[in-house]
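Enquirer: predicted model and sequence below, questions to follow.
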Amino acid sequence: MFDTMTLTKVTGALCGALLVFLLGAWAADALYSTGGGHGAHGDEEAKQGYAIEVEVASAGAVEEGPSLEELLAAADLKKGEKVFGKCKACHKLEDGANGTGPHLFNVVDRTVGAQGGYAYSGAMVAVAETWSAENLDGFLTSPKKFAPGTKMGFGGLKKPADRANLIAYLATIK
């Protein structure tokens, strides 16, 4: 079926293709390399070609939104109940009904880690004494930053109005 000449041609074609591939890779590395250990410039630190100057706003020029107190005063309980939808996979509102997380019945101004029947992480107990509106706001912004080491895997609520609506809603659950 195959004679010696055909096998020699196929082998030569494969070797030629491999050579072209290796030479192409070498050429691309030489052209596009940033000095990662190859060539004469491999040991030099890369330097910035040019700097882009940007004006930095002064600290006094940063405009902050409304305070937590103002947001709580204007909170919408219906929107807070809707935001609680993100929480109810792990938390219950009934007194003593713990889920994956502790129940949130009467949570506003409650002592942190005081509910029996739930094993709080040490990070939660050490973070604050009570769940004041300010502490809840800080925790709901980013649980992992507020209480490093917490078991809670929720990423947080980025909008201050959502946090205020949720805190106001939770304050009514008594």
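Expert: Received it, and whenever you're ready, just let me know what you need.
Enquirer: okay, which residue is most central for the chain?
Expert: The centre of the chain sits closest to Gly155, judged by Cα atoms, centre = their mean, with a distance of 6.3 Å.
Enquirer: how much space between it and Lys144?
Expert: 8 Å (Cβ to Cβ, to the nearest Å). C-betas here are computed from N, CA, C, even on glycine.
Enquirer: quick one: Ala75 and Glu129, what's the gap?
Expert: Per Cβ to Cβ, Ala75 is found 24 Å from Glu129.
Enquirer: please identify which of those two sits among more neighbours.
Expert: Between Ala75 and Glu129, counting by other Cβ atoms under 10 Å, Ala75 is the more crowded of the two (18 against 11).
Enquirer: show me the contacts for the residue lying closest to the more buried one once chain neighbours are set aside.
Expert: Using Cβ to Cβ, 6 or more residues apart in numbering and skipping residues adjacent in sequence, the residue nearest Ala75 is Ala168, 3.4 Å away. Contacts for Ala168 (Cβ atoms under 8 Å, 6 or more residues apart in numbering) come out as 72, 75-77, 80.
Enquirer: tell me the pLDDT of Ala168.
Expert: Per-residue pLDDT puts Ala168 at 91.
Enquirer: give me the distance from the host helix or strand of it to the chain's centre.
Expert: Assigned by DSSP states H and E, Ala168 belongs to helix 160-171. From the chain centre to the centre of helix 160-171 is a distance of 21 Å (Cα atoms, centre = their mean, to the nearest Å).
Enquirer: cool, and stretch 114-129?
Expert: Computed by Cα atoms, centre = their mean, the chain-centroid distance of stretch 114-129 equals 23 Å.
Enquirer: buried stuff in it?
Expert: Across stretch 114-129, burial judged by 16 or more other Cβ atoms under 10 Å covers 115, 120, 123-124, 127-128.
Enquirer: next, the distance between the ends of that stretch.
Expert: End-to-end span of stretch 114-129 (Cα to Cα, to the nearest Å): 10 Å.
Enquirer: what residues does that stretch touch?
Expert: By Cβ under 8 Å, 6+ apart, the surrounding residues in contact with stretch 114-129 are 96, 98, 101-103, 111-113, 135, 139, 146-151.
Enquirer: also stretch 83-102?
Expert: 103-106, 115, 117-118, 120, 152, 154, 157, 162, 165-166, 169-170, 173.
Enquirer: helix or strand right after the helix or strand bottoming out on mean pLDDT in the chain?
Expert: Ranked by mean pLDDT, DSSP states H and E, the weakest helix or strand in the chain is helix 122-127, scoring a mean of 74. Using DSSP H and E, the next helix or strand after helix 122-127 towards the C-terminus is helix 133-141.
Enquirer: brilliant, that's me finished.
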